[in-house]
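In: Sequence and computational prediction follow.
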Amino acid sequence: MDEYEKLLDEAYKQVKKIDTSNNRFEIPKAEGHFEGKKTVITNFSQIVSYLRRKPEHFQKFILKELAAAGQLEGDRLILNITVPSSKINQKIEEYVKEFVLCKECRKPDTELTKHDRITFIHCLACGAKHSLRSKI
């Protein structure tokens, strides 16, 4: 039995430890201002590049969730309604949970892939692959 425990200790020493803290990934916050009855998200392109998603995909999600019309203008998104930043940030968090974080390891190292008509989220960290429930 002693021999077994020594071998087990050696095996544990050789196994790579996994960092379970998600300190390296922070969900970005929207920055912007109001122009009359419109809301302008000035850091839209920075949010999209940080999340590593296509601007069209993220824009479609935000517009659908906020039930608003809007358009991209350079690096910013213009919504045709006034929306408080807290609500926009809440929608960004929902997007991250649904389309960015891996369902298994909760890491943001993922990519969206499409096979036939089904979109999958593929984790580059752990290799997990899950289909997405919501369509955009």
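Out: In hand now; what should we look at?
In: For the nearest residue to Leu51 once chain neighbours are set aside, give me its contacts.
Out: Closest residue in space to Leu51, ignoring its immediate chain neighbours: Val100 at 5.4 Å, by C-beta to C-beta, 6 or more residues apart in numbering. In this view, the C-beta of every residue, glycine as well, is placed from N, C-alpha and C. Going by C-beta atoms under 8 Å, 6 or more residues apart in numbering, Val100 touches 51-53, 108, 110.
In: Among the residues you listed, which one has the most neighbours?
Out: Sorting the contacts of Val100 by how many neighbours each has (other C-beta atoms under 10 Å) puts Thr110 first, at 25 neighbours.
In: State the distance from that residue to Ala125.
Out: Noted for Thr110: a distance of 8 Å to Ala125, by C-beta to C-beta, to the nearest Å.
In: Overlap in contacts, these two.
Out: Counting by C-beta under 8 Å, 6+ apart, the common neighbours of Thr110 and Ala125 are Cys102.
In: helices or strands up against the longest helix seen in the chain?
Out: Ordering each helix of the chain by length in residues (DSSP state H) puts helix 85-99 first. Where contact means 3 or more C-beta pairs under 8 Å, 6 or more residues apart in numbering; DSSP states H and E, helix 85-99 is packed against helix 44-51, helix 55-66.
In: Put together a markdown table for those helices, with mean pLDDT and distance to Glu31 on each row.
Out: A markdown table is the format used below for those (pLDDT from 0 to 100; distance: least, C-beta to C-beta, whole Å):
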| stretch | mean pLDDT | distance to Glu31 |
| --- | --- | --- |
| helix 44-51 | 91 | 9 |
| helix 55-66 | 93 | 14 |
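In: Tell me which of those approaches Asn80 most closely.
Out: Closest approach to Asn80 among those (C-beta to C-beta): helix 55-66, 9.4 Å.
In: could I have that closest one exported to CSV, CA atoms only?
Out: C-alpha atoms of helix 55-66 as CSV (Å, rounded to 0.1, in the frame of the first residue of the first chain):
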residue,chain,number,x,y,z
PRO,A,55,-19.2,42.9,-35.0
GLU,A,56,-22.3,42.0,-37.0
HIS,A,57,-23.1,39.1,-34.6
PHE,A,58,-22.7,41.2,-31.5
GLN,A,59,-24.6,44.1,-33.0
LYS,A,60,-27.5,41.8,-34.0
PHE,A,61,-27.7,40.4,-30.5
ILE,A,62,-27.7,43.8,-28.8
LEU,A,63,-30.3,45.2,-31.2
LYS,A,64,-32.5,42.2,-30.8
GLU,A,65,-32.3,42.1,-27.0
LEU,A,66,-32.9,45.8,-26.6
